[in-house]
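Engineer: sequence below, structure please.
(chains A and B)
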Protein chains: 2
Amino acid sequence: MMAGALNGIRVLDFTHALGGPFCTLLLRDLGAEIIKVEKPGSGDIARGRAPQTKANESGTFIMLNRGKKSITLNLKTNKGIDICKNLIQKADVLVENFSTGTMEKLGLSSQEMCKLNPGLIYASLSSFGHTGPYRMEAGYDPIAQAMGGLTTLTGYPDRPPVKAGPPIADLGTGVFVALAIVSALRHKANTGEGQVIDISMQDAIWLFTAIEFASNYFIEGVIPKRYGNAVPHTTPSDLYTAKDGFVIIATLEVSQVKSLFRAIGREDLINSPFCTEQKDRLKYRDQLDPLIENWTKTKNMQEIVEVLKKNDVPCTLVPSYDMVCNDPQLLSREMIIEVEQPLSGKVKTPGSPFKLSKTPGNVNFPAPRLGESNHEIYSEMLGYSEQDILQLEKDRVI
Amino acid sequence: MMAGALNGIRVLDFTHALGGPFCTLLLRDLGAEIIKVEKPGSGDIARGRAPQTKANESGTFIMLNRGKKSITLNLKTNKGIDICKNLIQKADVLVENFSTGTMEKLGLSSQEMCKLNPGLIYASLSSFGHTGPYRMEAGYDPIAQAMGGLTTLTGYPDRPPVKAGPPIADLGTGVFVALAIVSALRHKANTGEGQVIDISMQDAIWLFTAIEFASNYFIEGVIPKRYGNAVPHTTPSDLYTAKDGFVIIATLEVSQVKSLFRAIGREDLINSPFCTEQKDRLKYRDQLDPLIENWTKTKNMQEIVEVLKKNDVPCTLVPSYDMVCNDPQLLSREMIIEVEQPLSGKVKTPGSPFKLSKTPGNVNFPAPRLGESNHEIYSEMLGYSEQDILQLEKDRVI
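Structural biologist: Numbering: from 1, shown residues only, chains lettered A, B, ... in the order given. Reported below is the predicted structural model:
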């Protein structure tokens, strides 16, 4: 096995469901040890999510938790909190995505835990962050997508706004938290000093939307509309109907627009105002799109893509999700792999996006059964005897 | 000014437009020095993007490049490539997002540059990655969104698929690249060794979609449909029509569903099968949603949100984009700030999402004029005289 960039880093993971576990999945891919702390009995709520394998393991849970260690710990008992503090003293990083205020109520506030372990990096992922007027409001992905501005900007202008299909607020924010943690690890390596990280889903979504859209409002005072599949700053770039589905054609440079006209047999337009720089041809969007669709709708997707690619026009058919799940490029890049779950057998999951030549993402591990690492952690790391551990189980502490 | 986590790291930035510059923006927020290498005369294509300030600076460009140093360098001259290699020897990180093969053609391949500087972290962001059958295909954000499966999963089932409004493939992938780079910096700090990073937009989008949707196909053989604003694994959770707009209501726990019924005056349903665990109540989605909408459509958004929040039901009105641009929470978290551009004056931009207690994201810097740091870099870092620099300008090398 190759080295991981984060080898030797121990993360105590109090997260559940999506965004937090995605953050620690990325840290795991990069080589960190993840100790997932779960509620005795039921564990992470994502364990119950459909669809499930025949052995009743959740597909989403497996994808999010491969290679992590699971321990159970009841944070609502004094003994549980004592054990928790022992663990925190042995960790480099703590990650949590409870609603704001929960860790404080448990007696595990960032302030106290960073006193207990001054090198600790204490990272929180929440809907609105731990400061500001909305800090105590309940969130969830669709709410953060709306509050960061993504929903009002997605969909067709003549239909209600729509969120991105995947939970991009949960998952996108998870990547920001991972980046903040690894950056804080560098500060710690240089100074010995830990710190507190407070990342918000609304902030992350706002950042994604602002780059493309906020200047319209800030500079021109214009409220941007929903563009469907069009791209605000260039044309032709949209989704077009084919006989058997949809294609996307995306031009940026003038040369690509000219190639497109050549490909669809409209050489007559190559010297027209349609083939001018982005800013200048933008005003012809409503004339350009029907002209292209008149051509695409008489042809099959494959035929369109073949002709356009031969002419170096960026395009794709819109693959259905089963096509994506069998995509040759994703397969070739090991982005669709199988992990061997002891209970469920082989389960397909996405691979690691981290194609690093010396420390590649390392992914061939199953997701843990609930409490699978209790003995390893409680006996080897904390020094409890077998008898102690049995007693803790009996007392429902673990 | 507080320390940045990446202080002392020098990044040579060959990126343009969105995804690459977003990656180096995040590294800048975290404290790295970014030397942005631009084409003499025109620079980064994003400099031309609308909307522009009265002084002809692009809003998007300012947002993506605040705090970076700009130098000009003509990579199509031998002298330019010589200078480039000198710069690379003095850098910790190189980032590029040209189409696959371009750096090789310029004589700046990862293999050769890592020989020149064995500690170099050489990171590429591209549409499909640098390996696999699609590696040479032209990409762009809407194509990557489709090829990673996001487009077919977004929108309403009775309308064509639609991409996420913001360029989530460009920007989301930029965060992965930044995370890979900072992780590789840790490996470098431990071993002295640089490495090559190859991150793909399609891989990143696939990862975002797979977590929620791929198990339907992999485990059950079902091709997931478009859910509009609904959430596959829970209900009620959707967008509902109000008298004056739309609201989103998002329940996960049974207690929240009960509170919702209480709030809308349907206590009679609290002991019905509608108030069972997620998996069990899912089959009632089509009955639940109209029941809720019958209530919301008789009320204004504000009124709905007020009643539901009082009952601890997670919800929000769907803010229009001007509301988001003035959101009190984003303002309170300094996610909407002003930078002072020497030419344009004060320009609003998003702040840094990195709320780190010891090394916070540091953002109060203008974006550079084209070639603004030529003298600093070419004279102080490479030792050219004023006369040399004038000659380089005359020869159109810089």
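Engineer: how much space between the residue nearest to A:Asp312 when sequence neighbours are not counted and A:Thr316?
Structural biologist: Ranked by CB to CB, 6 or more residues apart in numbering or on different chains and with sequence neighbours excluded, the top spatial neighbour of A:Asp312 is A:Ser259, at 5.6 Å. Glycine gets a C-beta too; all of them are placed from N, C-alpha and C. Using CB to CB, to the nearest Å, one gets 16 Å for the distance from A:Ser259 to A:Thr316.
Engineer: neighbour count for the two, which is higher?
Structural biologist: For A:Ser259 against A:Thr316, the residue with the higher neighbour count under other CB atoms under 10 Å in any protein chain shown is A:Thr316, and the figures read 27 against 19.
Engineer: so A:Ser379 touches A:Ile389, yeah?
Structural biologist: Yes: when contacts are counted by CB atoms under 8 Å, A:Ser379 is listed as touching A:Ile389 (6.5 Å).
Engineer: more crowded one of those two?
Structural biologist: Remark: of A:Ser379 and A:Ile389, A:Ile389 carries more neighbours, 17 against 14, as counted by other CB under 10 Å.
Engineer: so that one lies in a helix, does it not?
Structural biologist: Yes: using DSSP: H, G, I helix; E, B strand; the rest coil, the secondary structure at A:Ile389 is a helix.
Engineer: can you name the residue of the stretch 1-150 of chain A nearest chain B?
Structural biologist: Using CB to the nearest CB, the point where the stretch 1-150 of chain A gets nearest to chain B is A:Gly59, with a distance of 2.5 Å.
Engineer: phi, psi for that residue please.
Structural biologist: Comment: the main-chain dihedrals of A:Gly59 come out as phi -60, psi -50, following degrees, to the nearest 10.
Engineer: same thing with A:Met323?
Structural biologist: Here is the backbone geometry of A:Met323 (degrees, to the nearest 10): phi -60, psi -40.
Engineer: picking that back up, roughly how far does the residue nearest to A:Asp312 sit from A:Ala164?
Structural biologist: When A:Ser259 is compared with A:Ala164 (using CB to CB), they lie 31 Å apart.
Engineer: residue contacts, A:Leu75?
Structural biologist: Under the criterion of CB atoms under 8 Å, 6 or more residues apart in numbering or on different chains, the contact partners of A:Leu75 comprise A:37, A:39, A:81, A:84, A:106, A:108.
Engineer: which residue ranges of the stretch 1-150 of chain A form helices?
Structural biologist: Secondary structure of the stretch 1-150 of chain A (DSSP state H, counting those that start in this stretch): helices at A:19-29, A:59-65, A:78-89, A:102-105, A:110-116, A:141-147.
Engineer: what about the second one, distance to the chain center?
Structural biologist: Read it as helix A:59-65. Distance of helix A:59-65 from its chain centroid, counting by CA atoms, centre = their mean, to the nearest Å, is 13 Å.
Engineer: buried sites along it?
Structural biologist: Using 16 or more other CB atoms under 10 Å in any protein chain shown as the burial criterion, the residues of helix A:59-65 that qualify are A:59-65.
Engineer: equivalent analysis for the third one, please.
Structural biologist: Of the residues in helix A:78-89, those buried under the neighbour-count criterion (16+ other CB under 10 Å) are A:80-81, A:83-84, A:87-88.
Engineer: A:Ile249: which element?
Structural biologist: Using DSSP states H and E, the element containing A:Ile249 is strand A:245-250.
Engineer: and that strand, what does it pack onto?
Structural biologist: If contacts are counted by 3 or more CB pairs under 8 Å, 6 or more residues apart in numbering or on different chains; DSSP states H and E, strand A:245-250 sits against strand A:237-242, helix A:285-296, helix A:301-310, strand A:315-317, helix B:141-147.
Engineer: how about 10 Å then?
Structural biologist: Packed against strand A:245-250 by the contact rule (3 or more CB pairs under 10 Å, 6 or more residues apart in numbering or on different chains; DSSP states H and E) you find strand A:237-242, helix A:254-263, helix A:285-296, helix A:301-310, strand A:315-317, helix B:141-147.
Engineer: right, so these: which one is the most enclosed?
Structural biologist: The highest average neighbour count among the helices and strands packed on strand A:245-250, using mean count of other CB atoms under 10 Å in any protein chain shown, belongs to helix B:141-147 at a mean of 29.
Engineer: list the contacts of the closest residue to A:Ser352 other than its chain neighbours.
Structural biologist: Taking CB to CB, 6+ apart as the measure, A:Ser352 lies nearest to A:Gly361, with 2.5 Å between them; neighbours along the chain are not counted. By CB atoms under 10 Å, 6 or more residues apart in numbering or on different chains, the contact set of A:Gly361 is A:2, A:4-5, A:25-26, A:28-31, A:334, A:351-355, B:180, B:183.
Engineer: and A:Gly361, which of the three is it?
Structural biologist: Three states are possible here, and by three-state DSSP the one that applies to A:Gly361 is coil.
Engineer: which residues does the closest residue to A:Leu308 other than its chain neighbours bridge with?
Structural biologist: Nearest non-adjacent residue to A:Leu308, counting by CB to CB, 6+ apart: A:Cys315, 4.5 Å away. In this structure, A:Cys315 has beta-bridge partners A:Ile249, where bridges are defined by DSSP bridges.
Engineer: OK, contacts around A:Cys315?
Structural biologist: Residues near A:Cys315 by CB under 10 Å, 6+ apart: A:240, A:247-251, A:256, A:260, A:263, A:296, A:301, A:304-309, B:137-138, B:140, B:142-143, B:146.
Engineer: could you do A:Ser259 as well?
Structural biologist: Contact partners of A:Ser259, counting by CB under 10 Å, 6+ apart, are A:251, A:253, A:270, A:308, A:310-314.
Engineer: from the residues you listed, which would you call buried?
Structural biologist: Listed as buried from the contacts of A:Ser259 are A:251, A:308, A:313-314; burial here means 16+ other CB under 10 Å.
Engineer: before we move on, back to that, how about the helices of the stretch 1-150 of chain A in JSON lines, adding mean pLDDT and distance to A:Ser373?
Structural biologist: Output for the helices of the stretch 1-150 of chain A, formatted as JSON lines (pLDDT from 0 to 100; distance: least, CB to CB, whole Å):
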{"stretch": "helix A:19-29", "mean pLDDT": "98", "distance to A:Ser373": "13"}
{"stretch": "helix A:59-65", "mean pLDDT": "97", "distance to A:Ser373": "12"}
{"stretch": "helix A:78-89", "mean pLDDT": "97", "distance to A:Ser373": "12"}
{"stretch": "helix A:102-105", "mean pLDDT": "97", "distance to A:Ser373": "22"}
{"stretch": "helix A:110-116", "mean pLDDT": "97", "distance to A:Ser373": "21"}
{"stretch": "helix A:141-147", "mean pLDDT": "98", "distance to A:Ser373": "29"}
